[in-house]
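Trainee: 3D model of this:
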Amino acid sequence: MEIDKILTGILTFGSLAIVIASLVILVIRVRKIARANSLDIFDEKKEKLAIGILSAIFTVFFTLLFVGLALINNFKLSGLEWFYVVFGSLTTGAIILAFYISFRLHYYQKGFSALHDKILYWTMLSSLVGFFIFGSILTEGFAFHLTYPLYNGISWEDGLHLVNYTKHANLAWYALFIVGGAIFVYLLSDHKLYKKYGKHGLLESTFYVAFPSGIIGARLVYVIGNWKKEFAGGDFWDVFKIWNGGLTILGGALIGIIVGILWFKWRNKDIPMFEAGDLVIPTILLAQAIGRWGNFFNAEVHGGLVPVEYWKFLPEFILQQSQFSSVASMAPVGFIYAPLFWVEAVVNVAGYFIIAYLFGGLLKKYIKPGDLAVGYLIWYGGTRTFMEPLRYGAFNMGVDGAWSWKLGIVFAGVGVLLIVINHLVRMFLDRKKNISNEAIVSKKANIIEAVVIGAISLVAIVVGTVLFVLFEPPTESLIDLVPHNIGLIMLILGAFLFTLISLPIVRLVFNRKSEAKI
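Mentor: Below you'll find the predicted structure:
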């Protein structure tokens, strides 16, 4: 038996060492190719063979690492579970390498042809999707053998050990996901700025200032919103005990963006602030999507009880963890607490691609610099407006539970107003400078735009008013998604949306004046 333990330990930790070593060597080689002035080094047969061998070694021992973890923990896996572990780890390991290599070469090495660069780009994107698919398969092998609720941190009070819901200073998975998401988004944004301005590091000092400012802002807004509910009359120093929980992403985003914009403009006076903001700010949605996984490990910010049968498409380890709550009892058999962390993560990722690639790519001719940055406010504000009422009541902020809900509505509404202001100001400045605006060429297009915006906003206002007036407000929770509150949301957002009608109207006026001069 002792020999078995020794062999299992050698397999596990030996595999881990080889995985780390092969990855480090592979990173060094790929980095060398990415920084080379030409692709001559990559074209060498010896270099390609070395990368292939290192990739194979990493993938094989990545698989053996998970096999060793199953053995060292004495998991009694079934045949199907062993298949999940072996197949899932093989494919996940290969996908991790595919993502890194394609990401590094696509963004750093400019010697590839347009076709090969496009292949690298789509390999990078598809590997992200593949990671979640095959990573989920890997987790299925362990899902029924883990201890739930999953540990949410590492405490060093009595030595390093895994803990659940400690109130002492500790290294929490929540913090790691927040930092990890921030670093990922920094790297992505840095490459976006490099692609446009030809220089890396433009965002480095801004990151060092904006990220901690966002954390401070998140705590500050949480304390303000929950002052009467949690802090009033207590120890003032509790305000600073961030390890006890209590961050508001809306506040963190607001303060972080404001500080980041001011700092970036001060350090990079030659780079248009609005264009840089369009590249960077929407990526915050990806950081927030990653950060929400911290809520998963903390068993917090979930929804109410829902039948598990409706969520069977999720990996089993998510369903198992979702039976637990940090503020309520264990869910009854057949039920889980709605995994809102997953819902918001998916919505945030979708929002990033819609803002950055639909509006920032396909519909680029219809937007102005700064619109994509403001689009973040609209998307995330709208997301929180509809997500807050779905939360378990204990997680709603403020005495009335409506603090974050109101902030979400304000975010979305202010975002719409900022787009209107952005377009109107630019139209006036262009007219003052006698710069022709392609957007005012088509009279018919402006009329259609005005009619469509007006119709949508008026329908929202009318329907919202009817729902708000005819139905009674909720009694237990002010922010339940009942007809009364849905009407209130539609009424407010419809009113903000109606302001967009000013854009085609002003274009028509400018167009008429221009024709009169001719």
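Trainee: how about low-confidence regions in the stretch 151-300 of the chain?
Mentor: 156-162, 165-170, 243-245 (pLDDT under 70).
Trainee: the strands in it, which residues?
Mentor: 153-155, 161-163, 170-172 (DSSP state E, counting those that start in this stretch).
Trainee: Return the set of buried residues in the first one.
Mentor: Residues of strand 153-155 classed as buried: G153, S155 (neighbour count, 16 or more other C-beta atoms under 10 Å). For the C-beta atoms, the positions are set from N, CA and C on the backbone; glycine is no exception.
Trainee: For it, which helices and strands make contact with it?
Mentor: For strand 153-155, the packing partners by 3 or more C-beta pairs under 8 Å, 6 or more residues apart in numbering; DSSP states H and E come out as strand 161-163, strand 170-172.
Trainee: again, only using 6 Å
Mentor: On a contact count with 3 or more C-beta pairs under 6 Å, 6 or more residues apart in numbering; DSSP states H and E, strand 153-155 meets strand 170-172.
Trainee: Skipping its backbone neighbours, what lies nearest I461 in space?
Mentor: G494 (4.0 Å; C-beta to C-beta, 6 or more residues apart in numbering).
Trainee: In contact with the one you found: list those residues for me.
Mentor: Contact analysis of G494 by C-beta atoms under 6 Å, 6 or more residues apart in numbering lists S457, A460, I461, G464.
Trainee: and what of P474?
Mentor: D480, V482.
Trainee: Three-state assignment for it, please.
Mentor: For P474, the secondary-structure state derived from DSSP: H, G, I helix; E, B strand; the rest coil is coil.
Trainee: Please report how far it lies from R391.
Mentor: 14 Å (C-beta to C-beta, to the nearest Å).
Trainee: try L377
Mentor: Taking C-beta to C-beta, one finds L377 at 21 Å from R391.
Trainee: which parts of the helix or strand hosting I28 are buried?
Mentor: I28 belongs to helix 2-35 when assigned by DSSP states H and E. Going by neighbour count (16+ other C-beta under 10 Å), the buried part of helix 2-35 is 8, 11-12, 15-16, 18-19, 22-23, 26, 29-30, 33-34.
Trainee: what's around P315, how many residues?
Mentor: Neighbour count for P315, taken as other C-beta atoms under 10 Å: 17.
Trainee: er, L49 actually
Mentor: L49 has 10 nearby residues by other C-beta under 10 Å.
Trainee: Mind pulling up the pLDDT for it?
Mentor: Predicted confidence (pLDDT) for L49: 86.
Trainee: Likewise for E438?
Mentor: 49.
Trainee: and the residue nearest to I461, how far is that from H423?
Mentor: Distance, G494 to H423, by C-beta to C-beta: 19 Å.
Trainee: for G9, same thing?
Mentor: Counting by C-beta to C-beta, the gap from G9 to H423 is 64 Å.
Trainee: now P307
Mentor: 46 Å.
Trainee: Between these two, which has more neighbouring residues?
Mentor: Taking neighbours as other C-beta under 10 Å, P307 and H423 compare with H423 leading, 21 against 10.
Trainee: My guess is that one contacts P504. True?
Mentor: No. With contact defined as C-beta atoms under 6 Å, H423 does not count as touching P504 (10.0 Å).
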